[in-house]
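Chemist: Got a sequence here, can you model it:
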Amino acid sequence: SGSSYAWGDFSNGRLGIAEQDEPFHRHPQQVPIPEKVVQVAAGSTHTLFLT
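Modeler: Predicted coordinates for the structure are as follows:
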């Protein structure tokens, strides 16, 4: 099993975690993914999880 984490710009739920007071996360926040992830792709403005 593994874990996924996100940090950076939080506006509009972009990190995939529940909305919080801060618009930017400097430290990794765990992102809940309820299904098994089989592949991940990322770029400068996106991250995709294939389940």
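
Chemist: Under the pLDDT cut-off, which ranges of the protein? List them.
Modeler: Low-confidence segments of the chain (pLDDT under 70): 1, 10-25.

Chemist: Please, where are all the strands along the protein?
Modeler: Along the chain, the segments classed as strands by DSSP state E run 4-9, 24-31, 39-42, 47-50.

Chemist: Export those strands as JSON lines, with columns for mean neighbour count.
Modeler: Backbone N, C-alpha and C define where each C-beta goes, glycine included. Shown next, in JSON lines, are the strands of the chain (neighbours: other Cβ atoms under 10 Å):
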{"stretch": "strand 4-9", "mean neighbour count": "13"}
{"stretch": "strand 24-31", "mean neighbour count": "12"}
{"stretch": "strand 39-42", "mean neighbour count": "9"}
{"stretch": "strand 47-50", "mean neighbour count": "12"}
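
Chemist: partner residues bridging residue 9?
Modeler: residue 24 (DSSP bridges).

Chemist: no, scratch that, I was asking about residue 47
Modeler: Beta-bridge partners of residue 47, as defined by DSSP bridges: residue 42.

Chemist: my guess is it meets residue 41, correct?
Modeler: Yes. Between residue 47 and residue 41 there is a contact under Cβ atoms under 8 Å: 7.4 Å.

Chemist: And residue 7, how far from residue 45?
Modeler: To residue 45, residue 7 is 14 Å away according to Cβ to Cβ, to the nearest Å.
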